[in-house]
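Chemist: Provide a 3D model corresponding to the input given below.
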Amino acid sequence: MVMAAWKRAGVCLTAAAVVMGLAGCQDGDGGADKGGKKAGASSGAQSRTEAAEVLQAAFKKTSEAKSSKIRMTVETSGAAAEAGTVEMSGVQGWDPAVMDVTMKGGAFAVGGAGGPGQIRMIMLDGVVYMDLGEEQAARMDGKRWMKMDFKAVADASGDPEVRKQVTGGLENMNQDPAQQLALLLESPSLKHVGPEKVDGVEAQHYKGTLSFEEMVDANTSFDLLSKKERDELVAMAEKSGMKGYDTEIWVNEDDLPVKMVVGMTMAQGSMTMTSHFSDYGAKADVQAPPAGDTVDFMELLKELESLGAGSAA
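Modeler: I've put the predicted structure just below:
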């Protein structure tokens, strides 16, 4: 019984780690309301000012769209290679942040035998719901959905640091392409690479790099930290070998991003997130699963604690 409970928790925690690892770096004030050149209109190299104008126009257009379909691949290397490759596809919305996606990949094998090959994930009102499949449902009284309220988990920890980390992670969880555009606009190395075809459409390719410290300064979710805490966070990142964030964005003729690549390099390895966006304005009518089909992750943690105490007696 103890092992069964830990297996259920293992699948859930693995999925949660993947979700939090897909956090996008957001900036609530990176866009401007002035128009820019059409992304597909330039055949020659653009100056930094021209590139910024295009991305500002894309930020405005993307912000107004509020939703899109998304297809993402997350690849890791180095010491984090056990996470392998995770693929995600579905629909997302921003303002407010919602998602209804399916995730699959080697990372879920950590849940052990019987773990689902793929997981449907719904995010709504800061709560994540995960469909763990029929085999896991058999271990949970037929309830196949796991509810993970990260704020509740953080509050239960009683640790202010955990609470701050989770709050920031929740704010960043959805891959909001508008906010990624805003972040790229903050890069001092922003440049126009040139025209390229992406998924069969003409687009303009832009890239830039931000150091970890520059990312923290541009990311409003870190505003809840004091200066001392921010300095400690930057120092910790530098100690871990974090080199920064490399961002590439392809913008189509309609001033909408069709592809983004975000890369992070650390001493223990690297992670690359490649996202493809389509159908901007697609309906993102995300609904929570029925309460009767849902198990609260907090209750599972209490069960594990109880079982642990009982086995130790």
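
Chemist: wait, what's in contact with residue 78?
Modeler: Going by Cβ atoms under 8 Å, 6 or more residues apart in numbering, residue 78 touches 266, 268-270. C-beta coordinates here come from the backbone N, C-alpha and C atoms, glycine included.

Chemist: neighbours of residue 183, just the number please.
Modeler: As a burial measure, residue 183 scores 24 neighbours (other Cβ atoms under 10 Å).

Chemist: Provide the secondary structure category for it.
Modeler: Of the three states, residue 183 takes helix under DSSP: H, G, I helix; E, B strand; the rest coil.

Chemist: if I read this right, it contacts residue 214, doesn't it?
Modeler: No. Here residue 183 does not reach residue 214: they are 9.4 Å apart, not a contact under Cβ atoms under 8 Å.

Chemist: can you redo the contacts of residue 78 as JSON lines with neighbour count, pLDDT and distance to residue 56?
Modeler: Shown next, in JSON lines, are the contacts of residue 78 (neighbours: other Cβ atoms under 10 Å; pLDDT from 0 to 100; distance: Cβ to Cβ, whole Å):
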{"residue": "266", "neighbour count": "16", "pLDDT": "71", "distance to residue 56": "31"}
{"residue": "268", "neighbour count": "13", "pLDDT": "71", "distance to residue 56": "36"}
{"residue": "269", "neighbour count": "15", "pLDDT": "75", "distance to residue 56": "34"}
{"residue": "270", "neighbour count": "16", "pLDDT": "79", "distance to residue 56": "30"}
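
Chemist: Narrow those to those in helices?
Modeler: Counting by DSSP state H, no part of these is found in helices.

Chemist: Give me the subset of the residues you listed lying in strands.
Modeler: Of those, the ones assigned to strands by DSSP state E are 266, 269-270.

Chemist: and which of those is nearest to residue 130?
Modeler: The shortest gap between residue 130 and any of these belongs to residue 269, at 25.5 Å (Cβ to Cβ).

Chemist: Helices of this protein, start to end?
Modeler: Taking DSSP H as the criterion, the chain contains helices spanning 2-21, 48-65, 133-137, 150-157, 160-172, 177-185, 212-218, 227-239, 297-312.

Chemist: which stretch in those has the least confidence?
Modeler: The minimum mean pLDDT among those belongs to helix 2-21 (a mean of 48).

Chemist: Now do residue 208, the pLDDT please.
Modeler: Looking at residue 208, its pLDDT is 94.

Chemist: Kindly tell me how buried the closest residue to it other than its chain neighbours is, as a neighbour count.
Modeler: In this structure, residue 208 finds its nearest non-sequential neighbour in residue 187, 3.0 Å apart by Cβ to Cβ, 6 or more residues apart in numbering. For residue 187, the count of nearby residues is 24 (other Cβ under 10 Å).

Chemist: what do you get for residue 281?
Modeler: Residue 281 is flanked by 11 other residues according to other Cβ under 10 Å.

Chemist: do the one 5 residues further on as well
Modeler: Neighbourhood size, residue 286 [other Cβ under 10 Å]: 21.

Chemist: How about the contacts made by it?
Modeler: Taking Cβ under 8 Å, 6+ apart as the test, what residue 286 contacts is 91, 93, 98-100, 122-124.

Chemist: swap in residue 147?
Modeler: Taking Cβ under 8 Å, 6+ apart, we find residue 147 in contact with 127-129, 294-297.

Chemist: now do 7 Å
Modeler: Neighbouring residues of residue 147 by Cβ atoms under 7 Å, 6 or more residues apart in numbering: 127, 129, 294-297.

Chemist: Next: residue 177.
Modeler: 62, 68, 257, 260, 277.

Chemist: Please read off the pLDDT at the third one from the model.
Modeler: Per-residue confidence at residue 257 stands at 97 (pLDDT).

Chemist: Now do the same contact list for it.
Modeler: Contact analysis of residue 257 by Cβ under 7 Å, 6+ apart lists 58, 62, 177, 181, 249-251, 277.

Chemist: do the same with the first one
Modeler: Contacts were defined as Cβ under 7 Å, 6+ apart; by that measure residue 62 touches 177-178, 181, 256-257.
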